[in-house]
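Enquirer: structure here, sequence nowhere to be found:
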């Protein structure tokens, strides 16, 4: 059982959990539409190896405040900066899952790397999901993005049920237990609808290619090769290629939610990286 310190920052409307201790800090930034609780398979594993683990709920999600605005990546990255500054975290590793990988990239572009030791992109959306004329490798075409948004607008319950199922599935075969699927679905339903829609726009349409040029700390990219939500070829592989000396760990048969479906391999890859860097 880990010790937890809960609180909402004065400088950002986000709920933070901090295991405390004197170990090197590891900050876990969750994916859409979940919360910091989605890192349940990672927190104890990291604490057992002596790390101080900080998770937080993105504004508009989980236990955080749900303001009307601030759902573009500049503000979301500033929220991450506020977490690091409020707790005076240095020599930190940032691990950004899916949408959270965008916060990692944008944080570095806006705030630099002085507080950082290393970073991890886990099934993450950079460098640029949208398929555009100048980004033909982008895995998300305009019609698919519009269909996702319309699905969430028209039938929130049905959309989340299917999205979370796909999140953990490979070719229709779900890779987690029903209990785990329901736990993720519960977190999705904690999201504010406006926040969910605007963050969908943000992760689907934000270009992080320039942000990645600012990365020079040790970097791990970990991604499932059967990820149908954020495909490896259009995202993790390109991020690895964009960051010199980054390490790419591909989880064979891994869907999008690899930190849950393949928690043992995911944790080993992260711990080996932390140990080496």
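Expert: Cool, the structure landed. Model, not experiment: these values are computed from the prediction.
Enquirer: residue contacts, the most centrally placed residue in the chain?
Expert: The centroid of the chain falls nearest to residue 97 when counting by CA atoms, centre = their mean (2.3 Å). If you count contacts by CB atoms under 8 Å, 6 or more residues apart in numbering, residue 97 has them with 28, 29, 30, 31, 38, 39, 122, 123, 124, 259. The way it works is simple: take the backbone N, C-alpha and C, and place the C-beta from them, glycine included.
Enquirer: can you tell me the closest non-neighbouring residue to the fourth one?
Expert: In space, not counting the residues next to it along the chain, residue 31 is nearest to residue 98; the distance is 3.2 Å by CB to CB, 6 or more residues apart in numbering.
Enquirer: now do the one you found, the pLDDT please.
Expert: On the pLDDT scale, residue 98 is placed at 98.
Enquirer: now it: how far from residue 244?
Expert: 24 Å (CB to CB, to the nearest Å).
Enquirer: who has more neighbours, these two?
Expert: More neighbours surround residue 98 than the other of residue 98 and residue 244, with 27 against 9 (other CB atoms under 10 Å).
Enquirer: the more buried one and residue 22: what is the separation?
Expert: Here the distance between residue 98 and residue 22 works out to 30 Å (CB to CB).
Enquirer: if we can go back for a sec, partners of the residue nearest to the centre of the chain in the sheet?
Expert: Assessed by DSSP bridges, residue 97 has beta-bridge partners residue 122.
Enquirer: hmm, back to that, out of the contacts of residue 97, which end up buried?
Expert: 28, 29, 30, 31, 38, 39, 122, 123, 124, 259 (16 or more other CB atoms under 10 Å).
Enquirer: these two touch, right, the second one and residue 80?
Expert: Yes: proximity of residue 29 to residue 80 meets the contact threshold set by CB atoms under 8 Å, at 6.6 Å.
Enquirer: overlap in contacts, those two.
Expert: With CB under 8 Å, 6+ apart, residue 29 and residue 80 have common neighbours 94, 103, 104.
Enquirer: now, those residues that are in strands?
Expert: residue 94 (DSSP state E).
Enquirer: give me the neighbour count for residue 66.
Expert: So residue 66, with other CB under 10 Å, has 15 neighbours.
Enquirer: using the three-state scheme, assign it.
Expert: coil (DSSP: H, G, I helix; E, B strand; the rest coil).
Enquirer: so how many other residues sit close to the closest residue to residue 224 other than its chain neighbours?
Expert: Leaving aside its sequence neighbours, residue 224 sits nearest to residue 254 (CB to CB, 6+ apart; 2.3 Å). Burial of residue 254 is recorded as 23 neighbouring residues (other CB under 10 Å).
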